[in-house]
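Predicted model and sequence below, questions to follow.
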Amino acid sequence: MATSDAAFSGSIPELYNTVLVPLIFESYARDLAARVAALEPRRVLETAAGTGVVTRALSAALPAADYVATDLNQAMLDHAAARHPGHHRVQWGQADALALPFDDASFDAVVCQFGVMFFPDKVKGYREARRVLAPGGAFLFSVWDRISENEFADVITEAMAQMFPDDPPRFLARTPHGHYDVDRIRDELKTAGFRAVTIDPVEAISAAASPRDAAVAYCHGTPLRNEIEARDPDGLERATEAATQAIADRFGSGGVLGRIRAYVITASA
């Protein structure tokens, strides 16, 4: 993973929350929150909380639980805390998921939506989740399937390859959509000490009001922006237009729908 892949800074957190979260994250957040709530945990830790879409869903579903939301990126965490209507019931804190500042057996559930792909050492991150779980606790997380199963991301990645043929930006394929091998995930979780692993594929539809809305979500609201600007400091708008045209060519010029697919994993301590 490139260093810039985890750089959610500048205007990215705001755009991530306003355009990308509704596009691809909200339905999965509701699904993940329902799975966690069904376990009725009393103490919940969220890692890689981002701008708080799961935090909002799950803290509402578990009003009596002690809830700690963490992220490595302080800018994302600040954005989440400022927009959480029940922020007084959630403890926010910057934390590295690979070196959690919590005692052993501190939580009944650890939750991470689309964050483990950014862990530089997956097994180490899983071991940390296992360490802070109480006996019988569960680690629930989600990862995107391969990029070909996520249509907007795939089309935009190809558009960027045509724009920068000598050095195509590969952030979307490399990191968000780069950890989809379910056999590898299962083996890594077992290595980290989890005794039972369930992996469920979950498909959904990503809806945008226009091709440009989808293009802005990915080109402005993710670290793909960092890759574009590294190749052409003045090229963000040109890249966004290229992505817009590619989506329009594939899906039409009005409201657009794209298939998305992820895996939701439950690992028991």
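Yep, it's here. Bear in mind that the values here come from a model prediction, so they are computed numbers and not experimental data.

which stretches of the stretch 101-250 of the chain form helices?
122-132, 151-163, 171-174, 182-191, 211-221, 224-231, 236-251 (DSSP state H, counting those that start in this stretch).

dump the residue contacts of Ala243.
By CB atoms under 8 Å, 6 or more residues apart in numbering, the contact list for Ala243 reads 155-156, 159-160, 214-215, 218-219. (Each C-beta comes from the backbone N, C-alpha and C, glycine too.)

Likewise for Leu58?
32-33, 36-37, 44, 46, 67, 111.

Export these to a markdown table and append columns for neighbour count and pLDDT.
Below are the contacts of Leu58 laid out as a markdown table (neighbours: other CB atoms under 10 Å; pLDDT from 0 to 100):
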| residue | neighbour count | pLDDT |
| --- | --- | --- |
| Leu32 | 27 | 97 |
| Ala33 | 23 | 96 |
| Val36 | 24 | 97 |
| Ala37 | 17 | 96 |
| Val44 | 25 | 97 |
| Glu46 | 29 | 98 |
| Tyr67 | 23 | 94 |
| Val111 | 28 | 98 |
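
closest to Ala242 among these?
Nearest to Ala242 out of the contacts of Leu58 is Leu32 (CB to CB; 33.0 Å).

Model confidence for the nearest residue to that closest one once chain neighbours are set aside, exactly?
Among residues not flanking Leu32 along the chain, Gln113 sits closest, at 5.5 Å (CB to CB, 6 or more residues apart in numbering). Confidence at Gln113, expressed as pLDDT, is 97.

Report the beta-bridge partners for Gln113.
With DSSP bridges as the criterion, Gln113 is bridged to Ser142.

mind showing which ranges of the stretch 51-200 of the chain have poor pLDDT?
For the stretch 51-200 of the chain, the stretches with pLDDT under 70 are 85-88.

got a list of what the residue positioned nearest the centre of the chain touches?
In the chain, the residue lying closest to the centroid (CA atoms, centre = their mean) is Phe114, at 2.8 Å. Applying CB under 8 Å, 6+ apart to Phe114 gives the contacts 25, 28, 48, 50, 142-144, 176, 262.

And it, its phi and psi?
phi 50, psi 40 (degrees, to the nearest 10).

do you know how far it is from Val143?
7 Å (CB to CB, to the nearest Å).

Need the overlap of contacts for these two.
Residues touching both Phe114 and Val143 (CB under 8 Å, 6+ apart): Ala262.

The spatially closest residue to Arg186 that is not a sequence neighbour bridge partners, please.
Closest residue in space to Arg186, ignoring its immediate chain neighbours: Val197 at 5.0 Å, by CB to CB, 6+ apart. Applying DSSP bridges to Val197 yields these beta-bridge partners: Ala267.

same question, the one 10 residues further on
Each beta-bridge partner of Ala207 is listed here: Leu257, as defined by DSSP bridges.

That one and Tyr16, how far apart?
Taken as CB to CB, the span from Ala207 to Tyr16 is 17 Å.
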